[in-house]
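**Student:** compute the structure for the input listed below.
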Amino acid sequence: MPKRTSRLFTHKLADALMLGAIAVFIILHLNGANLSKENGVLENAQVFVILCGALTYLLRALINFGAPYRAIQAYAIFMTAFLFAGAARELSFGKVFGFEPQVVDGVKYVVAALVVGLLLVTLWAYFRPTQSRWQQTKDLLRSRTLLHFYAAFLIFGIAGIFEKGDFGMIKSVFLEELLELTCFMALLRGALLLGCERLWKPRMDASTAANALQHPSEGAATSR
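**Tutor:** Numbers count the residues shown, from 1 in each chain. Prediction:
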């Protein structure tokens, strides 16, 4: 199976699984199942999706991008830190794993140190010397990957409205948790796209361009 076809199949399968999960949760809720309780099905599903997203972004940063892709690497590392922090927020270590309070505090410190470390690596990855950082940043901000981030931000805001019942909306813990799950699914889908979009292609400088005109085969190899 060609690589592009394999990736397309993976994305379609992921979309089907995510939409199917949302549909199943809605059906179960309508049939009286309590999915939105503390550390219940929806919260555990959120943690699972968050961790999948964090690991996917981490793999994108470590494997799929070469040295020139500064902005993309930095974004992938930042999202890894962001999602690890989100997982720690959603997961109750004491109730889920039976940890003592002092152990829970220790885990929180470890997670905080990991997140801070990843944020420092993000800054290092972004500000390493390169001539195309701003162009890469503009391309990234306009990409489909970032559209998923913007959508997730909007969905998370709507979830907060249902949590508090603002603007005349009903107060529903189920809708809040389901929308938060959808938000994290959008971030996961953005991580999958980040490995496939050609966001930026190195530009040839004048000397390379002149050499490409004189030696087409060598120029083509250089541009790749």
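**Student:** for residue 120, what are its contacts?
**Tutor:** The contact partners of residue 120, by Cβ atoms under 8 Å, 6 or more residues apart in numbering, come to none. (Glycine included, C-beta is placed from N, CA and C.)
**Student:** quickly note the distance from residue 78 to residue 123.
**Tutor:** 9 Å (Cβ to Cβ, to the nearest Å).
**Student:** what sits against the residue nearest the centre of the chain?
**Tutor:** The centroid of the chain falls nearest to residue 187 when counting by Cα atoms, centre = their mean (4.0 Å). Residues near residue 187 by Cβ under 8 Å, 6+ apart: 50, 53, 79, 83, 148, 149, 152.
**Student:** tabulate the residues you listed (CSV), appending pLDDT.
**Tutor:** Converted to CSV, those look like this (pLDDT from 0 to 100):
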residue, pLDDT
50, 92
53, 92
79, 93
83, 91
148, 92
149, 92
152, 93
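**Student:** dump those to CSV, plus neighbour count and distance to residue 108.
**Tutor:** Output for those, formatted as CSV (neighbours: other Cβ atoms under 10 Å; distance: Cβ to Cβ, whole Å):
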residue, neighbour count, distance to residue 108
50, 27, 16
53, 27, 21
79, 25, 21
83, 25, 16
148, 21, 28
149, 17, 26
152, 21, 24
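**Student:** among those residues, which ones are in strands?
**Tutor:** With strands taken from DSSP state E, there is no overlap with the contacts of residue 187.
**Student:** closest one of those residues to residue 60?
**Tutor:** Taking Cβ to Cβ as the measure, residue 60 lies nearest residue 79 of the contacts of residue 187, at 8.7 Å.
**Student:** in which helix or strand does the residue lying closest to that closest one once chain neighbours are set aside reside?
**Tutor:** Spatial nearest neighbour of residue 79, chain neighbours left out: residue 57 (4.3 Å); criterion: Cβ to Cβ, 6 or more residues apart in numbering. Assigned by DSSP states H and E, residue 57 falls within helix 41-59.
**Student:** list the contacts of that helix.
**Tutor:** Contacts of helix 41-59 (Cβ under 8 Å, 6+ apart): 21, 25, 33, 35-36, 76-77, 79-80, 83-84, 86-87, 90-91, 174, 177-178, 180-181, 184-185, 187-188, 191-192, 194-195.
**Student:** what do you get if the cut-off is 7 Å, keeping everything else the same?
**Tutor:** For helix 41-59, contacts defined as Cβ atoms under 7 Å, 6 or more residues apart in numbering pick out 21, 25, 35-36, 76, 79-80, 83-84, 86-87, 90-91, 177-178, 180-181, 184-185, 187-188, 191-192.
**Student:** cool, stretch 156-167 as well?
**Tutor:** With contacts defined as Cβ under 7 Å, 6+ apart, stretch 156-167 is touched by 169, 171, 172, 175, 176, 179, 180, 183.
**Student:** list the contacts for the last one?
**Tutor:** Read it as residue 183. Applying Cβ under 7 Å, 6+ apart to residue 183 gives the contacts 152, 155, 156, 159.
**Student:** ok, the second one - contacts?
**Tutor:** In this structure, residue 155 makes contact with 179, 182, 183, 186, judged by Cβ under 7 Å, 6+ apart.
**Student:** just those: which are in strands?
**Tutor:** Short answer: the contacts of residue 155 have none in strands (DSSP E).
**Student:** where does the residue nearest to residue 35 when sequence neighbours are not counted land on pLDDT?
**Tutor:** Counting by Cβ to Cβ, 6+ apart, residue 35 lies nearest to residue 41, which is 4.5 Å off, once chain neighbours are set aside. Residue 41 is assigned a pLDDT of 88 by the prediction.
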